[in-house]
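>>> Please find the sequence and the predicted model below.
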Amino acid sequence: MNLSKYYTIDKQYQNLLSIILEEGIYKKDRTGTGTKSIFGHTIRWDMSQGFPLLTTKRMPIKTIATELKWFLKGDTNIKFLHDNNCHIWDGDAYKNYLNIYHYNLKDDKTIQPLSMDEFIEDFKEEGEFEVWGDLGPIYGKQWRDWNGKDQIKNLINELKINPDSRRLMVNAWNVSDLHKMALPPCHYGFQIYTKELNFHERWSLYSNEPYDGNGLGMINALDFMDDEEIPTRSISLMWNQRSVDTFLGLPFNIASYALLLKLIAHEVNMVPNQLIGNLGDVHLYKNHIEQAKEQLKRDPIMLPKLNIVASDILKGEFVYELIGYESHKSIKAPLSN
């Protein structure tokens, strides 16, 4: 069995790591860490070839799903994340705390700022999330309440009534709110594209056997597929990202938008087709370079499948089933906040 087609997302990712290592230029960055960077790259994945969860290092699918639920709920307070054992935004909450401390208390020598560990421990105290946990109008707020407009609800409605529209977009880059955000959005918007499936494409969703005309005429077969609610369209998603932390962030982003595509497809009864990422400043932090070299030594494994069992996308609730995920062990790397 030729498994090469299943390896494509890992190979694309490893190819990108190689390009950055070989062609990237060193640049300063806001974190003070320094990066090796290129500008402009595209990821493209056929969703029929498996769910694009990297196998050359272990990926935390539960954490990815929890953050996506948080976005879809329109939430901006990390309490929901903590309640679900997800800590990827803790550093941004801590930065808010330090900014407020240095603004209000820097001249009071009797009060010293908490360490990161002390700050997170304090979150367990009642009421502390209300004080320190909100990150401002970041992704979820913009998705669900852009100046009073629910972009996700509008997207779902438009897909149902006008699926060929070229305005099927969700944007998180709200210029008037950027100064209020703990972190301006790195992946700042996505667009949806759908197309009609022909008869044989629809039939292949129903049966592994090609349609031969025996037993059911084409008209009767169409009626049968309609009765069985076999999808009539495929759906693709393209996201745009201005800043790409290639080692830690990009594998997360790929899986998150693939899951979002699956959820939208499930909501409107379409078939996931293409996942495309347009990437701007694509970089490796200096303290991730050795980890990237380690990942390049690893051979990909067959990709898993992911099924949506149940979902209510407008409530930010869903249940998924991940089947057959095998991977190499995780590779630890420091966050650069």
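In hand now; what should we look at? Numbers count the residues shown, from 1 in each chain.
>>> pretty sure residue 87 contacts residue 81?
Yes: with contacts defined as C-beta atoms under 8 Å, residue 87 counts as touching residue 81 at a distance of 7.0 Å. For every residue, glycine as well, the C-beta is placed using N, CA and C.
>>> out of these two, which sits in the busier spot?
Neighbour tally, residue 87 and residue 81, criterion other C-beta atoms under 10 Å: the higher count belongs to residue 81, 21 against 14.
>>> For the more buried one, pull up the helix or strand it's in.
Taking DSSP states H and E as the definition, one finds residue 81 inside helix 79-83.
>>> Following the chain onward from that helix, which element is next?
helix 90-104.
>>> buried residues in that next one?
Within helix 90-104, the residues scored as buried using 16 or more other C-beta atoms under 10 Å are 90-94, 96-97, 101.
>>> nearest to residue 270, of these?
Sorting the buried residues of helix 90-104 by how near they are to residue 270, with C-beta to C-beta, puts residue 92 at the top with 34.3 Å.
>>> Leaving out chain neighbours, which residue sits closest to the closest one?
residue 182 (4.3 Å; C-beta to C-beta, 6 or more residues apart in numbering).
>>> any idea where the helices of the stretch 151-300 of the chain begin and end?
Secondary structure of the stretch 151-300 of the chain, counting by DSSP state H, counting those that start in this stretch: helices at 151-161, 199-206, 218-227, 249-268, 289-296.
>>> Return the angle between stretch directions for the last one and helix 249-268.
In this case it means helix 289-296. Helix 289-296 and helix 249-268 meet at an angle of 60 degrees, taking axes from the mean of the first three to the mean of the last three C-alpha atoms, to 10 degrees as the criterion.
>>> what sits up against helix 289-296?
Helix 289-296 is touched from outside by 14, 17-18, 20-21, 36, 56-57, 246-247, 284, 331-333, with contacts defined as C-beta atoms under 8 Å, 6 or more residues apart in numbering.
>>> Cross the residues you listed against helices and list the overlap.
Counting by DSSP state H, the part of these found in helices is 14, 17-18, 20-21.
>>> Quick one: buried ones out of the residues you listed?
Among the ones in helices among the contacts of helix 289-296, those buried by neighbour count (16+ other C-beta under 10 Å) are 14, 17, 20.
>>> circling back to that earlier point, against residue 136, how distant is the residue nearest to residue 92?
According to C-beta to C-beta, to the nearest Å, residue 182 stands 5 Å off from residue 136.
>>> between the two, who's got more neighbours?
When residue 182 is set against residue 136 and neighbours are counted by other C-beta under 10 Å, the residue ahead is residue 182, at 19 against 16.
>>> In three-state terms, label residue 307 for me.
Of the three states, residue 307 takes strand under DSSP: H, G, I helix; E, B strand; the rest coil.
>>> To which secondary structure element is the closest residue to it other than its chain neighbours assigned?
Closest residue to residue 307 apart from its sequence neighbours, by C-beta to C-beta, 6+ apart: residue 321 at 4.6 Å. Residue 321 belongs to strand 317-323 when assigned by DSSP H and E.
>>> Name the residues of that strand that are buried.
Counting neighbours by 16+ other C-beta under 10 Å, strand 317-323 gives 318, 320 as buried.
>>> next one: stretch 37-46
Across stretch 37-46, burial judged by 16+ other C-beta under 10 Å covers 37-38, 41, 43, 45.
>>> Over to stretch 20-29?
By neighbour count, with 16+ other C-beta under 10 Å as the criterion, the buried positions of stretch 20-29 are 20, 24.
>>> List the neighbours of that stretch that are in contact with it.
Contacts of stretch 20-29 (C-beta under 8 Å, 6+ apart): 34-38, 246, 282-286, 289, 292-293, 336.
>>> now stretch 239-246
For stretch 239-246, with C-beta under 8 Å, 6+ apart as the criterion, the contacting residues are 16-17, 20, 41, 185-191, 250, 253, 257, 276-285, 288, 292, 336.
>>> Convert the C-alpha atoms of it to CSV, please.
Coordinates of the C-alpha atoms in stretch 239-246 are reproduced here as CSV (Å, rounded to 0.1, in the frame of the first residue of the first chain):
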residue,chain,number,x,y,z
TRP,A,239,-7.0,31.3,6.8
ASN,A,240,-4.6,34.2,6.8
GLN,A,241,-1.9,34.6,9.4
ARG,A,242,0.4,37.6,9.7
SER,A,243,2.8,36.1,12.3
VAL,A,244,3.7,32.4,12.4
ASP,A,245,5.5,30.8,15.3
THR,A,246,6.4,27.8,13.1
